[in-house]
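In: got a structure for you, letters missing:
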C-alpha cells in the first residue's frame, strides 16, 4: 500500500509509486529501488498514484487495479441499452438474413427497422446525451487518431474514459454500416418484393442490383463486429479493465492520466421533444409511402372467362407468370395440355389469348414475373420446372406435395396465400397441415 | 298434417333425381343423334367404371378422377376438387348442354383417345342420372 513520503525526503523502497504492483517490470524496478521522480499525489485523503506502472503487455501509465477503486459513470443507460439492443437486432438480422432464408424476410426487415431506429435515436443522443454519449467527446481529428495509433504501437498510449480515437472510428463505422444496410435493404425490399416505403418507385432491376450492395455491407458489418470485439478485448487487456462489463454497469475506473472529456449535461427533455415528432413523423411518412401501390404490381381482377375456364382443373395462374410467347404457345396447344385434352371453342381461345398476352410477364415488375417466367424450353410453360422454382422448393419434401390438401406441385395456392395476385411473397407462405380425419 | 309434411319432404328430396327439362333435352338430343329411343344405365356403368386403352396413361378410366363412388367428390390430376357426378348428390349436373359437350369432348379424348359416340354419351348420362 502507498505510504506518505518519507519526511527525510529520501525515497524508500515502499515509497515507490508502484509499490505492490506484481508485474515483472515493477518488481525489478522495486528491487533496484529506482524511483520515478513524480511525487505521490493526495486527494481527499486517499492516495492517487502518478507513478510509472507496467502491465503484462509493457504499456505504461496504468496504475494497478488494487490502487484505485474510484469509478466514473461513463456509459449512461441509453448508451448501454442502445448497445445491447443493437446487438440483438443485428444478431437477428444476420441469422435471418444468412441462415433462415426468404420465408423469414419479415423478421429480417423488422429487426433491421428496429436497428435503424436505434441508430437514428443514438445519433440524436450523440448531440443531446451526457458527456461520453456525445459525438463531440469522441470524434477526433485524423491527426489525433494517427497519434493514438502510433502511441499504441510504441506502447505508450494513454487511456480514455470514453471512446479512444480508434474505438470512436469503430462506433462511426458501425453506425454508418447499419444505416447503409437499412437504406440498401429498403431499396432491395421495394424493388424485388414491392414491399415497404420504396416499393412504389423501385424497379426489380434496381432492387436486385442494390441487394448485392446490401449483402456486401452485411459482410462489412460482420468484419466490423469482429474487429470491434477484438478491439474491446485488446483494450481490456491493455488497460486491465473489463470493458464489456463497463458496458453493462456503465462504470469505468478513474485513473491518473486518463483522457477525460469536458462534462456535458444530458438533455432528456429536449431529446424527448425532438424524438417523438421525428420518429412519429418518419413512421407516418414511411407507412404512407408503403401503402402506395408497388411499381409494376398487377392490380387488375382476373378475366371472368379465364377464371371460370382455367380454374376447372387447376388454380387460375396469374397472367404475369408466363411470357407472351409462352401464353401464345400454351393457348395453341390446349388439346394436349400437360397430357390432357383441355380444348376450348375457338372464340374462347381467342378471347383468353388476347387477355393473357396483354397481361403477360413483360407487363409486370414483380419477382415471379422476372424469374418464374423463365421457363425451361424442354418443359414448356411448366412453372414447376423453372430453375427458380426448383431452387426455392428444394427444402420441401416430395411427399408434402402429393399429400392432402396439397396434392400437386402445381397447386401453388395450397401454401402461397397470395397466389391470386401473382406476387408469391415469401412472407405469405404457410404449408397446410395434414387433415386429421 | 304430419303425414302430409313427410310426404311433401319426401317429394322434395326425390325431386333432384326426377325429370329436369334441360337434362331431358340433352338426353333427347343424344337419342336422336344415335337413332335410339332409350339408353342403358347398365351399359353406361360398364363404360364409366371400366378401364380403357388409347388415352393418356395417367387416366385409363373415368373413375381415375371421378372415383368409383359417384356421390363423392373427385379430384383432377393436380388435386382440384370435382363435384360429385351423381345427380342425386349434385342436382345441377347436366343442365348446361355446352358444358356437357365440352367435357365429353375433353374427357373421352383423354381417357380413350377418341370422341365418344352419341350412344355412349347417352348411356353414361343415363347411368349418372340414375345414381
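Out: Sure thing, it's come through. Please read these numbers as outputs of a predicted model, since none were measured by experiment. Numbers count the residues shown, from 1 in each chain, chains lettered A, B, ... in the order given.
In: Show me what from the stretch 301-437 of chain A comes close to chain B.
Out: Near chain B, the residues belonging to the stretch 301-437 of chain A are A:311-315, A:335, A:339-345, A:404-408, A:410-411, A:414 when assessed by CB under 8 Å from any CB of the partner chain. C-betas here are computed from N, CA, C, even on glycine.
In: switch the cut-off to 7 Å
Out: For the stretch 301-437 of chain A, the residues in contact with chain B under the definition CB under 7 Å from any CB of the partner chain are A:313-314, A:339-343, A:406-408, A:410-411.
In: now, the most widely separated pair of these?
Out: Taking CB to CB as the measure, these span a maximum distance of 27.6 Å, between A:343 and A:406.
In: Now which of the residues of the stretch 301-437 of chain A next to chain B would you call buried?
Out: Among those, those scoring as buried are A:313-314, A:340-343, A:406-408, A:410-411 (criterion: 16 or more other CB atoms under 10 Å in any protein chain shown).
In: okay, the residues you listed in JSON lines with distance to residue A:212, secondary structure and pLDDT next?
Out: Below are these laid out as JSON lines (distance: CB to CB, whole Å; DSSP: H, G, I helix; E, B strand; the rest coil; pLDDT from 0 to 100):
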{"residue": "A:313", "distance to residue A:212": "41", "secondary structure": "coil", "pLDDT": "91"}
{"residue": "A:314", "distance to residue A:212": "36", "secondary structure": "coil", "pLDDT": "93"}
{"residue": "A:340", "distance to residue A:212": "43", "secondary structure": "strand", "pLDDT": "88"}
{"residue": "A:341", "distance to residue A:212": "47", "secondary structure": "coil", "pLDDT": "90"}
{"residue": "A:342", "distance to residue A:212": "42", "secondary structure": "coil", "pLDDT": "91"}
{"residue": "A:343", "distance to residue A:212": "46", "secondary structure": "coil", "pLDDT": "91"}
{"residue": "A:406", "distance to residue A:212": "34", "secondary structure": "coil", "pLDDT": "91"}
{"residue": "A:407", "distance to residue A:212": "38", "secondary structure": "coil", "pLDDT": "90"}
{"residue": "A:408", "distance to residue A:212": "35", "secondary structure": "coil", "pLDDT": "91"}
{"residue": "A:410", "distance to residue A:212": "32", "secondary structure": "coil", "pLDDT": "93"}
{"residue": "A:411", "distance to residue A:212": "34", "secondary structure": "coil", "pLDDT": "93"}
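In: before we move on, the earlier item: now, which of the residues of the stretch 301-437 of chain A next to chain B sits nearest residue A:243?
Out: Taking CB to CB as the measure, residue A:243 sits nearest to residue A:406 out of those, at 53.9 Å.
In: Which residue comes closest to that closest one once chain neighbours are left out?
Out: The shortest distance from residue A:406 to any non-neighbouring residue, by CB to CB, 6 or more residues apart in numbering or on different chains, is to residue A:414 (4.2 Å).
In: can you count the residues close to that neighbour?
Out: 21 (other CB atoms under 10 Å in any protein chain shown).
In: ok, it - contacts?
Out: Listed by CB atoms under 7 Å, 6 or more residues apart in numbering or on different chains, the contact partners of residue A:414 are A:405-406, A:432.
In: how much space between it and residue A:292?
Out: Between residue A:414 and residue A:292 the distance is 31 Å, computed by CB to CB, to the nearest Å.
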